[in-house]
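Trainee: structure here, sequence nowhere to be found:
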């Protein structure tokens, strides 16, 4: 069916088409000024719209393509009738029914129609009033019509300032949406500026802006223009915010693109300028080449350097790979390839340095001196072979030492003294808490932020390939998903492998065989067995009281005075005060707490000086109470021998030797029992069981009635029950205490004993002899009972520590009983 359009105000003309169908009207334009009445109950033809909602007072261009809708428009137009313009609920319905339409719409008149070449009909609608459908009906021609009632809008009063302010804001926000949006045309901005009627402006924006259909229907359903304006302003504000966010994102993206383009342009210009100046990174290349000529590196390293240098030359200077490549080459150049410090093989000088820095530790210092002597001999032999031009000279290897012992005994500081004695550079890393294998072997240089391992890094810092390298806290290394650092250390600490140590960052073998590695640890239990097997273990026990006194006089007091700006004329510590500091205020193997206590006293003195207050230059024991408070620790002293069944024993602890009392009591009982108290460990409990079993088996030998054994309960107690006690050296002490209790014989005065006993009564040797002897001497003991096999241990102790003590060496428990009991 075809519509032919004529001029305005021309009468309808009908003519027959070639198919014999009905004549169709030729349309023009209607009189815009003509008024068409609308009353409640009127029947209007329905014009369904897919995605548009018409508001009163607004003109709307509509393209009509459905034949039924075109016929409805033609009928309404020709007879000056109004149309009920309703929006579809779903836009994808091609032939909507009455149930597919919203019931609220706008009555409109067709003020202009235009036939398009594609047979569609372009019309202009003018919204008249809001209408609500009361009833739908379908004509014989299947056109939908509706009975409607008018829903008049409530307009604000003239001069309503609040409404005018809202409309003004709507206009501003609408213009911003038009300016920032992509779908709105510039004509819309001009139209917005030209509309002066506030209600019309509100309805115009509701019709023409990209608002959801459901939201437009809600706006149309609003009865008052003021409420509709507020709701519209809220929608526009959200739309503006969304558009601003989009614009900001686009701006950032554009800035990043512009920045990249700018950097590319600048780099390109820079390269051009450098070419004109003859400088394309050549200065860096020349400097590296010059430095490379001074290196004494192996041929393989030289070849690698040349290859990597060529790669650097081919890499653009603005490329990220350029910096990575340059850093790698700088690392190769900074490493001291075959660069060594000359060792000082003066043995006497080494002994003097070690004695000055450390008091005691004779075994450790002896081992260091032995190492120096061997190195000196090997060096002399190598020099002799070099003169004879021998090519099979042996490579001088450094030992791997591990100093283990309690904290504060000078393990780390000893490494620094060794470096000074040898005249070597000193390097140190702390391995405590290390759990990443890359910390030892380094990262591969292909990774971002890659760097060498800490071994190579410290070698680079000290600029020597034969430093004294202290690996502190080797017993506290961890392991997780990043690898096991102890496994990486196997190569570092193996003299047969570390000549070709492989760092992941270098990817070249580096010779660590000349490095003197000294590891430190507090315990060997947490160090893996393969790692222990590669190290020479040297135990560093705690200091004796006498050694602590000397260390305090020679090292600690001068050091603390210097740190506090004091001189020996302003404060003095005598032997008595130092003894009180050691006995009453510290309980440790080393001297760290002692140094802190001396520092506390010095701070008090400095405060007195600052306040111009009088004080004793020679510190007294009473001053210690004022400065440090009451004594924190007390040591056991020998008690009288008037008690039967009480024997003094000796024990070793990490903070030195201690005396302890083994107390035994008997009580009548129907059956013999053995009770042990005092927080004893399994070994001490076994010693007590062996002692009682031996006495039962040899009761006649000790003059003990079997009846007494069978009718008494035995209770063995070691005082200070809160402190755990264990060890194998209390066997003869417990046996002596039991025999004393059963025979009612007291123990000889001022006697102490230590030693383990077998079920046959044989006395076995024990350890910690030096510490136990010093503890006995401090407690006022005069006679010591030891195993015969411990005689050699006593012979190694300086005579000054043995003065005032008498030693009784035994092989059998009977000898102990005969001497100890009165």
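Mentor: Looks like it arrived, so ask away. Small disclaimer: the values here were computed from a predicted structure and weren't measured.

Trainee: could you pull up the residues touching residue 123?
Mentor: Neighbouring residues of residue 123 by C-beta atoms under 8 Å, 6 or more residues apart in numbering: 61-62, 64, 73, 77, 110, 112-114. C-beta here means a position set from N, CA and C on the backbone, and glycine is covered the same way.

Trainee: can you list the strands that whichever strand or helix holds it pairs with?
Mentor: Following DSSP states H and E, one finds residue 123 within strand 121-138. Strands that pair with strand 121-138, judged by DSSP bridges, come out as strand 59-64 (antiparallel), strand 104-115 (antiparallel), strand 144-151 (antiparallel).

Trainee: pick the most deeply packed of these.
Mentor: Using mean count of other C-beta atoms under 10 Å, the stretch among those with the largest mean neighbour count is strand 104-115, at a mean of 22.

Trainee: and that strand, how far from the chain's centre?
Mentor: 72 Å (C-alpha atoms, centre = their mean, to the nearest Å).

Trainee: packing partners of the helix or strand hosting residue 261?
Mentor: For residue 261, the element it lies in under DSSP H and E is helix 225-277. Packed against helix 225-277 by the contact rule (3 or more C-beta pairs under 8 Å, 6 or more residues apart in numbering; DSSP states H and E) you find helix 161-180, helix 198-208, helix 213-221.

Trainee: helix/strand/coil for residue 210?
Mentor: Following DSSP: H, G, I helix; E, B strand; the rest coil, residue 210 is assigned to coil.

Trainee: any idea of the pLDDT on it?
Mentor: Predicted confidence (pLDDT) for residue 210: 81.

Trainee: make 259 the starting number, not 1.
Mentor: New numbering, starting at 259: the last item is residue 468.

Trainee: count of neighbours near it?
Mentor: For residue 468, the neighbour count with other C-beta atoms under 10 Å is 10.

Trainee: where along the stretch 659-808 of the chain do the strands fall?
Mentor: For the stretch 659-808 of the chain, applying DSSP state E, counting those that start in this stretch gives strands covering 684-688, 726-730, 759-760, 767-768, 774-779, 794-797.

Trainee: what's the fourth one in contact with?
Mentor: Okay, so that is strand 767-768. 558, 593, 714, 717, 758-761.

Trainee: how far off helix 483-535 does the following helix or strand past the helix holding residue 519 point, in degrees?
Mentor: Remark: after helix 483-535, the chain's next helix or strand is helix 540-550, criterion DSSP H and E. Relative orientation of helix 540-550 versus helix 483-535 (axes from the mean of the first three to the mean of the last three C-alpha atoms, to 10 degrees): 60 degrees.

Trainee: tell me the buried residues in helix 540-550?
Mentor: For helix 540-550, a neighbour-count test (16 or more other C-beta atoms under 10 Å) marks 542-543, 546, 550 as buried.

Trainee: likewise stretch 630-644?
Mentor: Using 16+ other C-beta under 10 Å as the test for burial, stretch 630-644 gives 630, 633-634.

Trainee: hey, where'd the strands end up in the stretch 259-408 of the chain?
Mentor: So, for the stretch 259-408 of the chain - with DSSP E, counting those that start in this stretch - the strands run 262-263, 284-285, 301-307, 317-322, 341-345, 362-373, 379-396, 402-409.

Trainee: and residue 567, which of those strands is closest to it?
Mentor: Smallest distance to residue 567 across the strands of the stretch 259-408 of the chain (C-beta to C-beta): 73.6 Å, for strand 317-322.

Trainee: gap between the closest one and the chain center?
Mentor: Computed by C-alpha atoms, centre = their mean, the chain-centroid distance of strand 317-322 equals 67 Å.

Trainee: ok, residues contacting that strand?
Mentor: With contact meaning C-beta under 8 Å, 6+ apart, strand 317-322 is reached by 305, 307, 310, 312, 328, 331, 366, 369, 374, 378-385, 465.

Trainee: rerun that using 6 Å as the cut-off
Mentor: With contact meaning C-beta atoms under 6 Å, 6 or more residues apart in numbering, strand 317-322 is reached by 312, 328, 331, 378-384.

Trainee: quick check: angle from it to helix 456-466?
Mentor: With the same axes, to 10 degrees as the basis, strand 317-322 and helix 456-466 are set at 30 degrees to each other.

Trainee: quick one: strand 317-322 to strand 301-307, angle?
Mentor: Using the same axes, to 10 degrees: strand 317-322 against strand 301-307 is 80 degrees.

Trainee: follow-up on the earlier one: what's the closest of the strands of the stretch 259-408 of the chain to residue 610?
Mentor: Comparing the strands of the stretch 259-408 of the chain by C-beta to C-beta, strand 341-345 comes nearest, at 105.9 Å.

Trainee: same question for that closest one, mean pLDDT?
Mentor: 92.

Trainee: what does that strand rub up against?
Mentor: Residues from elsewhere that reach strand 341-345, judged by C-beta under 6 Å, 6+ apart: 302-307, 311-312, 334, 359-360, 363-364, 366, 389, 404, 406.

Trainee: what are the pairing partners of it, and which direction each?
Mentor: strand 301-307 (parallel), strand 362-373 (antiparallel).
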